[in-house]
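J.: no sequence for this one, just the structure:
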């Protein structure tokens, strides 16, 4: 895929190719139907750690991920809600897509900023494999 194709598909707002990876911010139309269209767009941070720009552009997953993202988001949120006690159920917004060559998130992970917790600022990640199947492991990270 050419860079311009990827940037158009994902509505890329900013792109950064660094020695330690490629990072871009996508503006996507949220699944919520809001009256003010300007509010309907949400930013999505895409991190491809330890990838070169050429490697990122050669990944065959971009179109499929774009098409299936809302479904994957819904599945990930269901898995997260199963882990959170009912009295603490929270509304989650997808904030990140993370790819890391180390494989620590399998093929990629969807990330959610949960907010402050007693341990610090909490992020929840749901890893997916190359077949877009969610792994049952919910990963919690704090800053």
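T.: Received, thanks. Every value quoted in this text rests on a predicted model; they were computed, and no experiment measured them.
J.: contacting residues for the residue nearest to the spatial centre of the chain?
T.: When C-alpha atoms, centre = their mean is applied to the chain, the residue found nearest the centroid is residue 97 (2.2 Å). Neighbouring residues of residue 97 by C-beta atoms under 8 Å, 6 or more residues apart in numbering: 44, 45, 46, 47, 65, 108, 109, 110, 111. (Glycine included, C-beta is placed from N, CA and C.)
J.: For burial, what's the neighbour tally of the fourth one?
T.: So the one you mean is residue 47. Residue 47: 17 surrounding residues under other C-beta atoms under 10 Å.
J.: pretty sure it is touching residue 101, no?
T.: No - using C-beta atoms under 8 Å, residue 47 is not in contact with residue 101; the gap is 11.4 Å.
J.: so where do the strands sit in the chain?
T.: 12-18, 21-29, 41-49, 94-100, 108-117, 120-128, 139-142 (DSSP state E).
J.: if we can go back for a sec, ok, the residue nearest to the centre of the chain to residue 12 distance?
T.: 12 Å (C-beta to C-beta, to the nearest Å).
J.: pLDDT weak spots in the protein?
T.: For the chain, the stretches flagged by pLDDT under 70 are 29-40, 85-89, 143.
J.: and the longest helix for the protein?
T.: helix 62-83 (DSSP state H).
J.: Just want the angle from that helix to strand 21-29.
T.: On the basis of axes from the mean of the first three to the mean of the last three C-alpha atoms, to 10 degrees, helix 62-83 is oriented at 80 degrees to strand 21-29.
J.: helices or strands up against helix 62-83?
T.: Counting contacts by 3 or more C-beta pairs under 8 Å, 6 or more residues apart in numbering; DSSP states H and E, helix 62-83 packs against helix 3-9, strand 94-100, strand 108-117, strand 120-128.
J.: Please enumerate residues in contact with it?
T.: Residues outside helix 62-83 that contact it (C-beta under 8 Å, 6+ apart): 1, 6, 9-10, 28, 31, 89, 92, 94, 97, 108, 110, 112, 124, 126, 128, 132, 134, 136, 138.
J.: Show me what counts as buried in it.
T.: Residues of helix 62-83 classed as buried: 62, 65, 69, 72, 73, 75, 76, 77, 79, 80 (neighbour count, 16 or more other C-beta atoms under 10 Å).
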